[in-house]
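1. need a 3D model of the sequence below.
(one chain, ligands or ions: 1)
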Amino acid sequence: MKHFLKETDFARAELPKLFALARQLKRTRGKRGAPKPLLGQTWALIFSKSSTRTRVSFEVGIHELGGNPLFLNKNDIQLGRGETIEDTAQVLSRFVHGLVVRTYDHAEVERLAAAGSVPVINALTDFLHPCQIFSDAFTMAERWARGTTGQALVDSLRGRKIAFLGDTACNMANSWILGAALFGMKISLAGPKGFAPSAECDALLAREGFDPKTAYNFTTDPLEAVRGADVVYTDVWVSMGKEEETKQRIRLMSPYAVTGKLFAAAKPDALFMHCLPAHAGEEVMPEVLASPRSIIFDEAENRLHMQKAILATLAAKRK
Ligand code: CP
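-> Here you go, the predicted structure:
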């Protein structure tokens, strides 16, 4: 059974086919004859946290692939009242063809995948957000690739540098570190002391065959991270579940705000990206969000196309 819990659940060799499929699904969206690989299937979305992009793109994507999306707020099902993850996984596996899960503890998606008998997709945990990273990488590749094949798209990422600023210990930072290693990209993260990528992130890199000492660079100097970058990336400073740390985080992270001046220190054609939702005036200034080199809405749109490719691939491997 193929799951998508972390970036490396797709091997490097599988990426060209996946990216080509995302491109094809984007081009054929709404056209007659668009593929329906989920025809007759129901995929459940179990969400414990708020979501706009992920929820809507998965619901629309499953529908467009011919399937039926079934949204389940964790608190509306017995899982929210203490039924075990293992029993939930086994019961839902008798009804649905796949699970898309947004939750806090990453171990929960691993336990659902281990106990159930249908594919599980990680729609964000406190540790990783792989759907976002694959959609982002596809968005970058659309800008950089010299050809239109899946191989050309994937090859266009190799050697490019991402500067990730702000909360460098969050799920998006972890996921981009693993994603950069998978795609052969360089990543430099700049954040406050105490926000270096965790030992858990290093352990994941090592388990997946990457050397944590060379896979990324962490610095407290935002200029160092941004110099020579092809992409300047940031995320909100207060992730879901960290609200009680709001004041302290804003104080510590304000030197890492992506201002026009900081963005100008990257390559002249560097792109600005943000997984959204954005807090304009906090982690990024309005002039950067509005810049012609800000591709935040292409990035959001590509959640749909890349996730459809992921859904179709997992559904095909299930047969
Ligand atoms: N970027 C992202 O995952 O957005 P949502 O929280 O709106 O799903």
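2. for the longest helix belonging to the chain, name the packing helices and strands.
-> Scanning the chain for the longest helix, with DSSP state H as the assignment, gives helix 296-318. Using 3 or more C-beta pairs under 8 Å, 6 or more residues apart in numbering; DSSP states H and E, the elements in contact with helix 296-318 are helix 15-28, helix 53-64, strand 98-102, strand 120-122, helix 130-144, strand 271-274. Where you see a C-beta, it was placed from the backbone N, CA and C, and this is true even at glycine.
3. among the ones you listed, which is the most enclosed?
-> Among those, ranked by average contacts under mean count of other C-beta atoms under 10 Å, first place goes to strand 120-122 (a mean of 27).
4. mind checking the helices and strands packed on helix 296-318 for the one nearest to the ligand?
-> Closest to the ligand of the helices and strands packed on helix 296-318, according to C-beta to the nearest ligand atom: helix 53-64, at 3.2 Å.
5. related to what we said a few turns ago, and the helices and strands packed on helix 296-318: which comes nearest Asn302?
-> Nearest of these to Asn302, taken as C-beta to C-beta: helix 130-144 at 4.5 Å.
6. would you turn the helices and strands packed on helix 296-318 into JSON lines with mean pLDDT?
-> Converted to JSON lines, the helices and strands packed on helix 296-318 look like this (pLDDT from 0 to 100):
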{"stretch": "helix 15-28", "mean pLDDT": "98"}
{"stretch": "helix 53-64", "mean pLDDT": "98"}
{"stretch": "strand 98-102", "mean pLDDT": "98"}
{"stretch": "strand 120-122", "mean pLDDT": "99"}
{"stretch": "helix 130-144", "mean pLDDT": "99"}
{"stretch": "strand 271-274", "mean pLDDT": "99"}
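7. in TSV, list these along with distance to the ligand.
-> Converted to TSV, the helices and strands packed on helix 296-318 look like this (distance: least, C-beta to the nearest ligand atom, whole Å):
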stretch	distance to the ligand
helix 15-28	17
helix 53-64	3
strand 98-102	7
strand 120-122	11
helix 130-144	5
strand 271-274	9
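8. make CSV out of the ones you listed and add distance to Gly40.
-> Formatted as CSV, these follow (distance: least, C-beta to C-beta, whole Å):
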stretch, distance to Gly40
helix 15-28, 19
helix 53-64, 12
strand 98-102, 13
strand 120-122, 19
helix 130-144, 24
strand 271-274, 37
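9. for the stretch 101-250 of the chain, which segments are assigned as helices?
-> 106-115, 130-144, 150-155, 171-183, 199-207, 212-215, 222-226, 246-253 (DSSP state H, counting those that start in this stretch).
10. give me whichever of those helices is most buried.
-> Comparing the helices of the stretch 101-250 of the chain by mean neighbour count (mean count of other C-beta under 10 Å), helix 171-183 ranks first with a mean of 25.
11. let's see the pLDDT reported for the spatially closest residue to Glu108 that is not a sequence neighbour.
-> Among residues not flanking Glu108 along the chain, Ile85 sits closest, at 5.8 Å (C-beta to C-beta, 6 or more residues apart in numbering). In this model, Ile85 is scored at 98, pLDDT.
12. and Ile85, how many neighbours does it have?
-> Neighbourhood size, Ile85 [other C-beta atoms under 10 Å]: 20.
13. now for it: which residues touch it?
-> Neighbouring residues of Ile85 by C-beta atoms under 8 Å, 6 or more residues apart in numbering: 79, 108, 111-112, 115.
14. phi, psi for whatever residue of the stretch 201-319 of the chain ends up closest to the ligand please.
-> Across the stretch 201-319 of the chain, the shortest distance to the ligand (C-beta to the nearest ligand atom) belongs to Cys275, at 3.9 Å. The phi/psi pair for Cys275 (degrees, to the nearest 10) reads phi -70, psi -20.
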